[in-house]
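> let me see the structure of the following:
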Amino acid sequence: MKNIEEIINRIHLGKWEEVMPQIPDNSVDIVITSPPYNVSLGVGNKLKKDAYDTYEDNMPYEDYLNWMDKLYTECYRVLKTSGRICVNIGDIANGSTPTHADFTIRLRDKHKFIPMTTIVWNKQQIGCSTSWGSYQSPSCPSFPTQFEFIIVMAKETTKHEGDKNDITVGGKEFQRNSRALWSFPPETRMMAEYGHPACVDSQTECLTIDGWKKYNQIKIGDMVASLNMETGLMEWNKNLYTTVYNHDGVSINVNGRHIDMILSPVHRCVVKKDNNYIIKLAKDLCRRDKIPCSANWNVEKLRATRLTNINKDIAYLAGFFLGDGHYKKDKNGKVYNIVIDQSLTANGDKVKTIRNYLINVGAEFKENTRHRIHAYDKTKSSYQVSFCIKGKIRDEIMKLCQYPLKKVPLLYLYWEDNILESFLNGMVDADGHKRGNNKSNLIITQKDNDVLDCFQAIGVRLGYDAFLNRSDGTVGDTGYVELTKKQHKLLRNARSSLLNNKNYNGIMWCPYVENNGTFLARRNGRVFITGNCFPEELPRRLIQQLTYKNDVVLDPFSGAATTCTVAKQLGRKYIGIEMSEKYYKTSLKRLSLTPNTITNVDEKGNEIVTAEWMN
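Alright, predicted model coming up:
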């Protein structure tokens, strides 16, 4: 038997029968494992799944239960008083052999564990949907299942004491996890083998309710723009956590004028096919595929977050002020007017529009017109109108534009559609133009890249495709954003495919967005809708719900180190045991690429995340 410090934070190659006796008594806080299901996954199995290279998964059922009894005896020994054991298992033969019930009875009666709960895990998929038995007949029907069970028990007492400062689950997540019906997809074989395959490169950003964010800016709980593939509508959904790791190998590159992506080969891409959306791995994309870039938003879900206390006409004036306005201050630096300028000669219709909006909102304003001689051609001149605004409307516009700054308003993506559209039109009328047969293409030019970022986000929020070309920051240089009603982009131009395989060495990352499994992204100003990785959700929920930071987590059937990876991310110590050399090597690679991400909660129960992005 070894000292616990020699055991923890390692994956041990070997059978649990060989490694478990080395673990000291009363040294582990939780066992989380999914044992072999004893469903003939050995060499030559008909399901074509990976065979165990040191274990034939086809014991007589009673021998299988006796073998698991020996494991449970060891688990009881190594667990501390109040330690927990969580066993994920499915019933064999489409439920006709109640494995989870047999495990439950033996754990309780033979090994004296105290039952806490049995969680039903809806995996949202059926592995073999054609195993119907006697099809369309009551003779001997079969019932393929899409759920498994997680048996949760405790040693000696169900109360696990710890420091409240080491709790790492937020209030809403605790309530969700406490319901013993969990619905989320399982980790895929490819994800287990590659680590975290569903990822984009470090220059890719995602759209949150607070604007565009990169991997080192996005936080747990941020609301992310996400496509519901069933309804075809965009929604705001919570980022549950963020995966970040180093990638060194082949990537799938897509580069065209209006699309730019660098993806890991097994990234889950959203592809539009006919009027539906499907998932394709990046390595399987072809030049005829259509990548969605915009969609309408779910109006019902938006209503819960909308802000309606903003006047639509004032929103237009604020948008115009951002483009063609300035503050007028007295000698003490106090603003006494805000001024919106416009050329009467070139844009008489816009002058009328501004005047009408000011009258509609009851603004106190003066209208000054002056004659200007062209600076370089003295034979040319024009008339310039300045609207000098004071009083209540001045104060409201200043507040919206974040005085003393001159920036896009806070929380603008929460605004009602008609208010946001009015603000957008004000920005376009001030610093852009409309083109196309029906004037549906909107363009804004600006030196301020922050304003361009916000304009692009507004366009996306209103269902436009938005293409951004940034200002390089040099004197006189301007960038622009173009909004169109385009909803997808082909992976080819007129001559060739835009797909290329290249080597990429750098950070890959992915938010895990709840519910839809998709997020809206941009790279180099080009917007696209894509999928996120399937989560390591099972061990994450169990670890956060049942342990404290620095607790010891043991998985006797470590596989690709999913449980250990999550334990490391959440600031726990881990012990993994894996009998397959193939998965042992995968585990070492996966853990070496996993950042130490510490999740905690503040006084209000909000989750806080800090992370070492690079190992």
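> so which residues of the stretch 251-400 of the chain form helices?
299-303, 312-324, 348-360, 391-400 (DSSP state H, counting those that start in this stretch).
> with residue 549 as the reference, name the closest of the ones you listed.
Nearest to residue 549 among the helices of the stretch 251-400 of the chain is helix 299-303 (34.5 Å), distances taken as Cβ to Cβ. For glycine as for every other residue, the C-beta is placed from the backbone atoms N, C-alpha and C.
> save the helices of the stretch 251-400 of the chain as JSON lines, and put in mean neighbour count, distance to residue 136 and mean pLDDT too.
Below are the helices of the stretch 251-400 of the chain laid out as JSON lines (neighbours: other Cβ atoms under 10 Å; distance: least, Cβ to Cβ, whole Å; pLDDT from 0 to 100):
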{"stretch": "helix 299-303", "mean neighbour count": "13", "distance to residue 136": "39", "mean pLDDT": "76"}
{"stretch": "helix 312-324", "mean neighbour count": "25", "distance to residue 136": "59", "mean pLDDT": "94"}
{"stretch": "helix 348-360", "mean neighbour count": "16", "distance to residue 136": "67", "mean pLDDT": "96"}
{"stretch": "helix 391-400", "mean neighbour count": "18", "distance to residue 136": "64", "mean pLDDT": "95"}
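> would you list the ones you listed in TSV and tack on distance to residue 157?
Formatted as TSV, these follow (distance: least, Cβ to Cβ, whole Å):
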stretch	distance to residue 157
helix 299-303	43
helix 312-324	59
helix 348-360	69
helix 391-400	57
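> report the buried residues of the top strand by length along the chain.
Looking across the chain with DSSP state E, the single longest strand is strand 233-255. Of the residues in strand 233-255, 233-247, 251-254 count as buried by neighbour count, 16 or more other Cβ atoms under 10 Å.
> likewise for stretch 507-525?
Those would be 507-514, 516-523, 525, for stretch 507-525 by 16+ other Cβ under 10 Å.
> and residue 460, how many residues sit next to it?
25 (other Cβ atoms under 10 Å).
> ok, and the closest non-adjacent residue to it?
In space, and not counting its chain neighbours, residue 460 is closest to residue 466: 5.3 Å by Cβ to Cβ, 6 or more residues apart in numbering.
> rewinding a little: what helices and strands are in contact with the longest strand of the chain?
strand 223-228, strand 260-263, helix 299-303, strand 499-513, strand 597-601, strand 607-611 (3 or more Cβ pairs under 8 Å, 6 or more residues apart in numbering; DSSP states H and E).
> any idea which of those is most buried?
strand 260-263 (a mean of 24; mean count of other Cβ atoms under 10 Å).
> residues in contact with that one?
With Cβ atoms under 8 Å, 6 or more residues apart in numbering as the contact definition, strand 260-263 has outside contacts at 199-201, 203-204, 251-255, 269, 282, 291, 504, 523-526, 528, 530.
> out of these, which sit inside strands?
Judged by DSSP E, the subset of the contacts of strand 260-263 located in strands is 200-201, 251-255, 269, 291, 504, 523, 526, 528, 530.
> show me the two of the residues you listed that sit farthest apart.
291 and 504 (18.9 Å).
> quick check, nearest of the ones in strands among the contacts of strand 260-263 to residue 348?
The shortest approach to residue 348 among the ones in strands among the contacts of strand 260-263 belongs to residue 526, at 36.7 Å (Cβ to Cβ).
> bridged to the closest one, which residues?
On the basis of DSSP bridges, residue 526 is bridged to residue 467, residue 523.
> what sits against the spatially closest residue to residue 503 that is not a sequence neighbour?
Nearest residue to residue 503 in three dimensions, chain neighbours excluded: residue 250, at 6.3 Å (Cβ to Cβ, 6+ apart). Taking Cβ under 8 Å, 6+ apart, we find residue 250 in contact with 265, 501-504.
> among those, find the lowest-pLDDT one for me.
Ranked by pLDDT, the contacts of residue 250 bottom out at residue 265 (87).
> for that one, which non-adjacent residue is spatially closest?
Per Cβ to Cβ, 6+ apart, closest to residue 265 is residue 283, 4.1 Å.
> measure residue 518 to residue 210 for me?
19 Å (Cβ to Cβ, to the nearest Å).
> if you could redo that for residue 315, that was the one I meant.
Applying Cβ to Cβ, the value for residue 315 to residue 210 is 19 Å.
> list the helices and strands the helix ranked longest in the chain packs on?
If you go by DSSP state H, the chain has its longest helix at helix 61-78. With contacts defined as 3+ Cβ pairs under 8 Å, 6+ apart, the packing partners of helix 61-78 are helix 16-19, strand 28-33, helix 99-105.
> select, out of those, the one closest to residue 432.
strand 28-33 (55.3 Å).
> sheet partners, orientation included, of the closest one?
Sheet pairing for strand 28-33, using DSSP bridges, gives strand 79-89 (parallel), strand 552-555 (parallel).
> what residue is smack in the middle of this structure?
Here the mean C-alpha position of the chain is nearest to the C-alpha of residue 511 (Cα atoms, centre = their mean), at a distance of 2.8 Å.
> beta partners for that one?
residue 242.
> any low-confidence regions in this protein?
39-57, 93-95, 124-134, 185-198, 303-308, 438, 494, 534-535, 593-615 (pLDDT under 70).
> what residue of it is the furthest out?
Centroid-distance maximum for the chain: residue 379 at 58.9 Å, with Cα atoms, centre = their mean.
> distance of that one from residue 373?
To residue 373, residue 379 is 9 Å away according to Cβ to Cβ.
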